[in-house]
Each structure stands twice: as C-alpha cells, then as structure tokens.
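K.L.:
Fold the following and give me the result.
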Amino acid sequence: MNIKNMLTAQRYKSIIDKISVTAKESDFDVYIVGGFIRDLLIKREPKDLDIMVCGGKDNAGGKSAGINFSKILAKKYKLNNPVVFERFGTSKLSIDGEEVEFVMPRKEYYGADSRNPDTRPASLEHDALRRDFTINALFLRLSNMEILDFTSQGASDIRNKIIRVADPLNAEIIFKQDPLRILRAVRQSIQLGFDIEPETYNAMKISAARIKIVSPERVRDEINKILAEKNPSKALKIMDEINLLFEILPEVARLKNLEQPAKYHADDAFTHTLKVLDRIKRDDIILKMAALLHDTGKYATYKKDSGKICFYGHDVKSAKEAEIILKRLRYSKEFIQKTASVIRNHMYPKMYSDGWTDSAVRRFAKKCGGELDLIMEISKADYGRDSSDAKLVKLKKRIEDLKLNNTLYPKQELLTGRDMMRILNKSPGKWIREAKNKIEEMQLENPKLTKEEAIKTIRERN
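P.N.:
Model prediction:
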C-alpha cells in the first residue's frame with residue numbers, strides 16, 4: 001500500500017507539501033495523526049488534518065513544539081497567525097482554506113468532573129495510548145511516509161473492522177475521563193460499518209452515566225452527526241443497549257414497550273420511531289430530528305381506559321416535548337421552532353380526504369408555512385406503505401396543481417394598515433388586525449381576490 005500515492009491523490013496534497021518542506025527546513029519531526037490515517041487506509045475521503053510536532057532547531061520541543069511550528073509555517077507562507085491554545089499546547093492554522101491543528105505528543109490528566117484535561121509533554125507511545133481507539137492512534141511520519149502503530153492493533157483493527165480502545169488495560173478509565181468518546185464510538189461504528197469490540201462495549205456501558213459531565217453543545221454535535229448517517233436507528237439501538245439513550249434522550253428511551261393501537265401501528269412507539277427515522281432519506285437535520293422526536297408526546301398522553309389506549313393530541317404534546325429537549329441540547333431558536341412546527345403538523349396530511357376544497361388545501365399549506373415539504377415527507381414516513389399512502393399522494397398532487405396555477409398561497413398583502421386608515425379615515429386600533437384577518441380568509445377562499453373587493457369588504461365591516 002503506497003501511502004505517498006494516496007496523499008498525492010487527495011485535496012490535502014498542497015497543504016502536506018508545505019508542512020513537509022517547512023519541517024525539513026526547521027528540523028522538526030512531524031506526523032499526520034488520528035482518523036486521517038484511518039480514512040486513507042479504508043479509502044475514505046479524509047478530513048480534519050491533525051499534525052503532531054516534535055523537536056526543532058531552536059530547542060522548541062515540549063509543550064510549545066506544535067505552536068511554534070505553526071507560527072513558522074504561517075510566517076513562511078504569509079498566512080494569518082494561528083489560533084493558540086496554551087493550556088493544551090495546540091494551535092489551529094488555516095492553510096489553503098483548510099483548518100489544520102498542530103499538537104505536541106502529550107499525556108492528559110483529568111479532574112473528577114471535567115473532560116477538559118491538563119496536559120504534559122510525553123513520548124509518541126504515550127500519546128498513542130491516551131487516544132480513544134486503536135484505529136485513530138496511527139501516526140504517519142512525513143519524512144519517510146512510515147506508519148507507526150504503537151498499539152500494535154490499529155492497522156489490524158482497520159482491516160478487521162473493529163473499534164477497540166487504544167489502551168485495553170484502561171478501557172473504563174478512557175471512557176470515564178472523556179465520556180464523549182462513548183458517543184464517538186457509537187457514531188464511528190455505524191459510520192464506518194465497524195463492530196465494537198466486547199470489552200470496549202462493556203466499558204462504554206459502565207461509563208454511560210458519566211455523559212452528564214459533557215457540555216450539551218458537544219453532545220448535540222454528535223447527535224447531529226449520527227442523524228446524518230444513512231441508518232441512524234443502528235446508533236440509537238446501541239445507545240439504548242448501553243443505557244446512554246436514557247441519559248441523553250430519556251423522552252425517546254421511555255417509548256420502549258409503549259404499545260400502540262394495532263390498527264395504526266404494529267410496533268411499540270420506540271420501534272416505530274426508529275423505523276420512521278430510517279425512512280427519511282432527505283439529508284435534512286430538521287426533518288430527521290422531527291422524526292426522532294415526533295412521538296415523544298405519546299408517553300405523556302398515554303392512558304388506559306377500559307383497555308383502550310389513548311394518544312389523542314400527542315402531536316401537540318410531542319412538539320412541546322421537542323422544544324424542551326432541543327433547548328436542553330442548546331439548539332438554536334430557529335431550529336427549535338422549525339422542528340416543533342414539523343412535529344406539531346405532521347398528523348394533518350393523514351386527515352386529507354377527497355372532500356377537501358381548494359381553500360382547505362390552501363389553509364393546510366398556510367398552517368405548515370415554510371415546513372410544508374418536510375411535513376409531507378415525515379407524514380409519509382410515519383405511515384410507511386399502507387392505504388394512507390394513497391391519501392398523501394393525492395394531497396401532494398393537489399398542492400402541486402395549485403402551485404402550478406399560482407393559487408396555493410394568497411397574493412401578497414392587498415391592503416396595509418396605513419391604507420386602511422386612509423381609506424376609512426380611522427385611527428389605529430385592533431380593527432386593523434381583524435380586517436387583515438378577514439381579507440386573508442377571503443384570499444384563502446378566492447386567491448384572485450382584488451384590491452377593490454378587499455376595500456369593499458372593510459368598508460362594509462367598518
């Protein structure tokens with residue numbers, strides 16, 4: 001396997017050339033480290049270029065090696081100054097439009113309730129063992145293109161598609177120190193199609209409750225990456241098996257074994273949620289999040305009355321639950337609002353009948369707003385393939401026909417509040433909002449309503 005040819009064939013070639021030339025001139029020993037090497041070996045487009053730096057002409061080794069090297073590199077190629085993180089002995093430098101991180105070989109020392117370590121310079125071997133998994137602990141020395149495998153299992157685990165902690169003797173410690181690694185193991189398992197080695201899996205399960213010390217933002221970012229995968233249900237099943245799902249998304253975990261009316265869904269609410277999630281093929285994080293959370297309100301509305309299961313109003317309750325969950329995970333206000341809108345309205349397409357008038361279709365579209373396409377898609381995924389699918393096909397055709405005729409949405413506002421006050425010679429008041437609502441209702445019934453007809457209406461009402 002010719003690593004040099006692999007590097008030549010991908011987009012980082014010019015960056016790596018700059019780094020190699022500068023390292024030789026300044027007498028630094030530099031290595032590409034981490035997942036970049038793994039991706040090269042499995043012929044996957046690599047990203048996140050991390051460079052480990054040792055030595056230097058001016059005795060710039062130790063904790064400052066990576067920082068000093070990045071400064072030399074920036075000066076040589078007239079780049080912006082690197083962003084320096086003194087505590088960790090790292091820096092980030094933008095080269096040819098890519099962000100590259102420069103680090104030193106290090107050991108890490110963790111406090112009891114923090115995943116942010118103190119660092120100390122260390123040997124390459126020590127650095128390899130403090131990493132998460134063997135497949136991410138390979139080093140590529142740029143001076144001679146030699147791959148260094150200090151765990152002795154990194155290359156074989158890549159060949160055999162296995163995720164294993166870099167230091168098996170300290171598996172539990174690795175996850176307790178940084179429990180975000182548990183989520184990363186889950187994500188990389190489904191992302192790469194690798195199996196998690198049994199002892200690593202058990203250590204993940206033991207440390208799952210420690211995820212509480214990880215910031216919500218970091219957890220959120222990992223969830224987004226998981227949802228972006230082709231079949232995210234695989235990750236959620238693993239998370240459930242190791243009790244991690246309960247720690248992060250208890251509202252989803254408690255759907256397990258929650259039976260549903262057989263005439264609607266044969267599966268329990270949890271299994272059904274995973275199926276809906278996997279049916280979503282569009283690469284849209286709002287849509288996938290809505291699929292994940294669309295039934296969370298079922299637990300809150302669950303009742304048994306004379307042997308009957310009642311989930312009435314679960315769509316509204318699920319939207320409220322989603323807002324709570326997403327706020328907890330620090331999603332943006334816009335993201336929360338759009339996701340909640342998709343969930344709140346996802347039942348409406350199933351109510352469609354041939355008796356709907358064009359104005360009813362327009363009211364539905366108006367209610368859905370900018371999330372109309374997402375609501376149609378999640379509704380389809382929610383029901384899968386059954387008699388309701390024909391309803392959705394008909395509704396979608398009605399919507400498309402109205403769009404083509406430019407009659408799905410009312411025309412832009414016919415009369416402003418200022419127009420109304422001038423026409424009726426009246427002062428501002430709540431009558432303006434009432435008049436606008438009336439005109440909008442008339443436009444839903446007749447999208448070709450004219451300005452003159454609108455004026456006649458407000459005159460009659462006022």
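
K.L.:
what residues are up against Gln188?
P.N.:
Contact analysis of Gln188 by CB atoms under 8 Å, 6 or more residues apart in numbering lists Phe133, Ile135, Ile163, Phe194. (C-beta placed from N, C-alpha, C; glycine too.)

K.L.:
Pretty sure the third one sits against Pro198.
P.N.:
No: because the distance of 11.0 Å does not satisfy CB atoms under 8 Å, Ile163 is recorded as not touching Pro198.

K.L.:
Could you check which of these two is surrounded by more residues?
P.N.:
With neighbours defined as other CB atoms under 10 Å, Ile163 and Pro198 compare such that Ile163 has more, 23 against 9.

K.L.:
Am I right that Tyr110 is in contact with Arg181?
P.N.:
No: using CB under 8 Å, Tyr110 and Arg181 do not qualify as a contacting pair, with a distance of 11.9 Å.

K.L.:
Find the nearest non-adjacent residue to His294, please.
P.N.:
Ile343 (4.9 Å; CB to CB, 6 or more residues apart in numbering).

K.L.:
Contacts for the strand or helix carrying the one you found next, please.
P.N.:
Here Ile343 sits within helix 333-345, counting by DSSP states H and E. Contact with helix 333-345 is made by 286-287, 289-290, 293-294, 315-316, 318-320, 322-323, 326-327, 331, 367-371, 374-375, 378, as judged by CB under 8 Å, 6+ apart.

K.L.:
at 6 Å what do you get?
P.N.:
With contact meaning CB atoms under 6 Å, 6 or more residues apart in numbering, helix 333-345 is reached by 286, 289-290, 294, 315-316, 318-319, 322-323, 326, 368, 371, 374-375, 378.

K.L.:
list the buried ones in it?
P.N.:
Of all the residues in helix 333-345, those buried under the rule 16 or more other CB atoms under 10 Å are Ile336, Lys338, Thr339, Ala340, Ser341, Val342, Ile343, Arg344, Asn345.

K.L.:
Return the alpha-carbon coordinates of stretch 177-186 using CSV.
P.N.:
Extracted C-alpha coordinates of stretch 177-186, given in CSV (Å, rounded to 0.1, in the frame of the first residue of the first chain):
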residue,chain,number,x,y,z
GLN,A,177,-12.2,10.5,31.6
ASP,A,178,-13.9,11.6,28.5
PRO,A,179,-17.4,10.1,28.1
LEU,A,180,-18.0,11.9,24.8
ARG,A,181,-15.8,9.0,23.5
ILE,A,182,-18.8,6.7,24.1
LEU,A,183,-20.9,8.7,21.6
ARG,A,184,-18.0,8.8,19.2
ALA,A,185,-17.6,5.0,19.3
VAL,A,186,-21.3,4.6,18.6
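
K.L.:
Now do it: everything it contacts.
P.N.:
110, 115, 132, 163, 175, 204, 207, 210-211, 214, 218, 222, 235, 238-239.

K.L.:
before we move on, what about stretch 449-458?
P.N.:
Under CB under 6 Å, 6+ apart, the answer for stretch 449-458 is Leu414, Leu415, Ala435, Ile439, Met442, Gln443.
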